[in-house]
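Asks: What follows is a predicted structure for the sequence shown.
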Amino acid sequence: MLPEKIIFVGVIISLLGIIGVFFYIKNIFYGSIKPNLVSWFFWALAPLLGAFFQIKAGAVLSVLPVFIAGFGPLVVFIFCLFKKERYWKITKFDIFCGIFSFFALIFYIFTKNLGISILFAILSDCLAAIPTIKKSWNFPKTESAFIYMIGITTNIIGLFVIKNWVFSIYSFSIYLIIMNTIITFSIYQKRIFRKI
């Protein structure tokens, strides 16, 4: 891919991420969406650290979807702190997932092997996603699939700009595609199964 096309792809990824966060926050503001703060906190933390380690491994523009995957949740989390009635009630199950996510993140930070460290980042993010998957499955109207579909799209686009196909560079993007697909399916599953 030509360098100028890579820059264009990077701009598209950034814009899609910003649009997704904007619409998600708009829906939170109007009360139709209630995010799980445990998920969104760790969704900010793990990808931002993942982006740092990908850059350390030599990634350039391919890191953009992972960075956006962390920056967007950070904005959502901060917004919800100022709108306390707008987020989903945190349960013991959520706290349990958050604790294990935190420990996986600690291992991620202190593991010297880059590949293993990325695995811990993925594990941390995955554990943080479980409360949102559960909430989306049981109460699909409290979530919007739009932001997760944008997550799928931006990470697929990000894979096209990878030059060096090593695990530490492509793994987080592939994981994010899978996780966003699972959450999207959880949101739509009642409609899907009703039609079958």
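Replies: Yep, it's here. Numbers count the residues shown, from 1 in each chain.
Asks: Poorly predicted segments of the protein, please.
Replies: 1-11, 61-62, 65, 195-196 (pLDDT under 70).
Asks: Give me the most central residue, it.
Replies: A69 (4.7 Å; Cα atoms, centre = their mean).
Asks: Now it: which helix or strand?
Replies: helix 64-82 (DSSP states H and E).
Asks: list the helices and strands that helix packs on?
Replies: helix 3-29, helix 37-57, helix 145-159, helix 167-195 (3 or more Cβ pairs under 8 Å, 6 or more residues apart in numbering; DSSP states H and E). Quick note: C-beta positions are derived from backbone N, CA and C, even for glycine.
Asks: what angle sits between the third one and helix 167-195?
Replies: Interaxial angle of helix 145-159 relative to helix 167-195 (axes from the mean of the first three to the mean of the last three Cα atoms, to 10 degrees): 140 degrees.
Asks: got the contact list for C80?
Replies: By Cβ atoms under 8 Å, 6 or more residues apart in numbering, C80 lies in contact with I28, P35, L37, W40, R86, Y87.
Asks: of these, closest to I156?
Replies: Nearest to I156 among these: W40, at 22.3 Å, using Cβ to Cβ.
Asks: Verify the stated contact: that closest one with V76.
Replies: Yes: contact criterion Cβ atoms under 8 Å: W40 and V76 qualify, at 5.2 Å.
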